[in-house]
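S.K.: here you go, sequence then predicted model.
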Amino acid sequence: MQVLVINGPNLNMLGIREPDIYGRKTFADLENYIRGEAARLGVDVTLFQSNHEGAIVDAIQQALGRYQGILINPGAYTHTSVAILDALKAVQLPTAEVHLSDISTREAFRQFSYVSLYAQKTICGKGFEGYSEGLEWLAGNA
Ligand code: CA2
């Protein structure tokens, strides 16, 4: 199966600041980890990162007919973006939402996720492993 992996704003800054929350590993480490886990699970992945809401909406729309599932860490857009929620609802692909940190125990403004209103699976607080769990879920449910 083919999965589109979307990482949202500031995830490209991983390893540069806030190691207490997000760890010391870099975004390149994350992408290598995802590629390795995808190979292990026999999933074909395309990796996409953007800091721009509209670019993420475009990527979701273009996934229709090309991918069988979406794995998304929407970054801070998790908590603000009706547009990303609407795009996910429009394409109707099996979707797993992943967060490195446990957003349920952080600031109040991080505790609500628009994306969770569509995503069939949400994984929080497991660091890089959450991406593997999301891919595994998609492989078994898409
Ligand atoms: O826990 C997650 O994966 C988040 O989606 C990460 C987002 C945050 O806005 C969400 O509430 C939870 C932030 C992405 C990375 O932000 C950085 C900030 C400083 C240095 C490095 C990364």
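M.R.: Perfect, I can see it now.
S.K.: how about the CA coordinates for the least confident helix or strand in the chain by mean pLDDT, as CSV?
M.R.: Lowest by mean pLDDT, DSSP states H and E among the helices and strands of the chain is helix 19-22, with a mean of 90. The C-alpha coordinates for helix 19-22 follow below in CSV (Å, rounded to 0.1, in the frame of the first residue of the first chain):
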residue,chain,number,x,y,z
PRO,A,19,14.8,18.8,23.5
ASP,A,20,12.9,18.3,26.8
ILE,A,21,9.6,18.1,24.8
TYR,A,22,10.6,16.8,21.4
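S.K.: buried residues in it?
M.R.: residue 22 (16 or more other C-beta atoms under 10 Å). (C-beta placed from N, C-alpha, C; glycine too.)
S.K.: next: stretch 97-117.
M.R.: Within stretch 97-117, the residues scored as buried using 16+ other C-beta under 10 Å are 97-101, 103, 110, 113-115.
S.K.: stretch 52-63 too?
M.R.: For stretch 52-63, by 16+ other C-beta under 10 Å, it's 53, 56-57, 59-60, 63.
S.K.: next helix or strand past the lengthiest helix in the chain?
M.R.: Longest helix of the chain, by residue count under DSSP state H: helix 27-41. Sequence-wise, the next helix or strand downstream of helix 27-41 (DSSP states H and E) is strand 44-49.
S.K.: contacts made by that following strand with the rest, please.
M.R.: Outside strand 44-49, the residues within contact range by C-beta atoms under 8 Å, 6 or more residues apart in numbering are 1-8, 11-12, 27, 31, 34-35, 38, 59, 67, 71, 135.
S.K.: flag the shaky bits of this protein, pLDDT-wise.
M.R.: Applying pLDDT under 70 to the chain picks out no residues at all.
S.K.: what separates the nearest residue to residue 37 once chain neighbours are set aside from the ligand, distance-wise?
M.R.: Computed as C-beta to C-beta, 6 or more residues apart in numbering, the closest residue to residue 37 that is not its neighbour in sequence is residue 132, at 4.1 Å. Separation of residue 132 from the ligand (C-beta to the nearest ligand atom, to the nearest Å): 14 Å.
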